[in-house]
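[1] here are the coordinates; sequence isn't available:
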Ligand SMILES: O=C(O)CC1=CCC(=O)O1
């Protein structure tokens, strides 16, 4: 799998991997990279079918999405990394922390869920395969941002572009990965020190999902940000940067 990625920050510094959500790409992390590269080597990448990473025919599984990260780490000769993921990226991180614990240092799970599966995702996959990614722009933005932010022209332009540039088959196949996921019972196997961040106004993965993750992962703690919807790292970049730096051990 040829995973599109960007590696920046000081050589030899601890590595932080950043994993994007459904319908976005590595630009989701634009506000985090400058803050993190002061202390960390930052590896951000595009999930399958998103940004510059090809969308092979699906359905996908979390194991495949996690496998893409392991292949990338091997290719770049990175033995271990901290990991932060938003939504689908967080699900990928939980899979990695369970199945490749020796590769994951600390884990930050942002606006995500361990039990988001269900048939509604199959309906969404069918819609996208039938009508293309443009059909996803207007329904997605009000889930991703609180009303004031969702109206901002710069937000609409940037995140609308991410959605429309995603590959419809890749997006649909990621929906199918979510449809089949319920990893609540697997959470006690995670040993990585875990921070769970939720957006108080997130309609997709409300704070109750963060609480369920934290109840399953020993030592995990929850932070709820407001105002913030599903893309809390984009809506509250300074708060998220501070929390990530504290959690990964890079705070000044
Ligand atoms: O439905 C959305 O757009 C929100 C979302 C669910 C999983 C994910 O990665 O994003």
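    Nice, I can see it. Treat the numbers as computed from the prediction; the structure is a model and nothing was measured.
[2] helices and strands around the helix or strand where residue 128 lies, which ones?
    Counting by DSSP states H and E, the element that carries residue 128 is helix 120-131. Judged by 3 or more C-beta pairs under 8 Å, 6 or more residues apart in numbering; DSSP states H and E, the packing partners of helix 120-131 are helix 168-179. No exception for glycine: its C-beta is placed from N, CA and C like everyone else's.
[3] can you give me the strands in the stretch 151-252 of the chain?
    All strands of the stretch 151-252 of the chain, identified by DSSP state E, counting those that start in this stretch, fall at 194-199, 221-225.
[4] between these, which one is closest to the ligand.
    For the strands of the stretch 151-252 of the chain, the distance to the ligand is smallest for strand 194-199, at 11.1 Å, taking C-beta to the nearest ligand atom.
[5] before we move on, back to that, between the helix holding residue 128 and helix 168-179, what angle do the directions make?
    Here helix 120-131 runs at 170 degrees with respect to helix 168-179, directions being taken by axes from the mean of the first three to the mean of the last three C-alpha atoms, to 10 degrees.
[6] is helix 120-131 positioned near the ligand?
    No - in this structure, helix 120-131 remains apart from the ligand according to C-beta under 6 Å from any ligand atom; the gap is never smaller than 7.6 Å.
[7] run through who's touching that helix.
    Contact partners of helix 120-131, identified using C-beta atoms under 8 Å, 6 or more residues apart in numbering, comprise 58-59, 135-136, 168-169, 171-173, 175-176, 178-179.
[8] in a markdown table, list those residues along with pLDDT.
    Below are those laid out as a markdown table (pLDDT from 0 to 100):
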| residue | pLDDT |
| --- | --- |
| 58 | 94 |
| 59 | 97 |
| 135 | 95 |
| 136 | 97 |
| 168 | 98 |
| 169 | 98 |
| 171 | 98 |
| 172 | 98 |
| 173 | 98 |
| 175 | 98 |
| 176 | 98 |
| 178 | 98 |
| 179 | 98 |
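[9] farthest pair in the residues you listed?
    Using C-beta to C-beta, the two most remote members of those are 59 and 135, lying 19.4 Å apart.
[10] span of stretch 156-172 from start to end?
    End-to-end distance for stretch 156-172: 22 Å, by C-alpha to C-alpha, to the nearest Å.
[11] off-centre distance for it?
    The gap between where stretch 156-172 is centred and where its chain is centred comes out at 15 Å by C-alpha atoms, centre = their mean, to the nearest Å.
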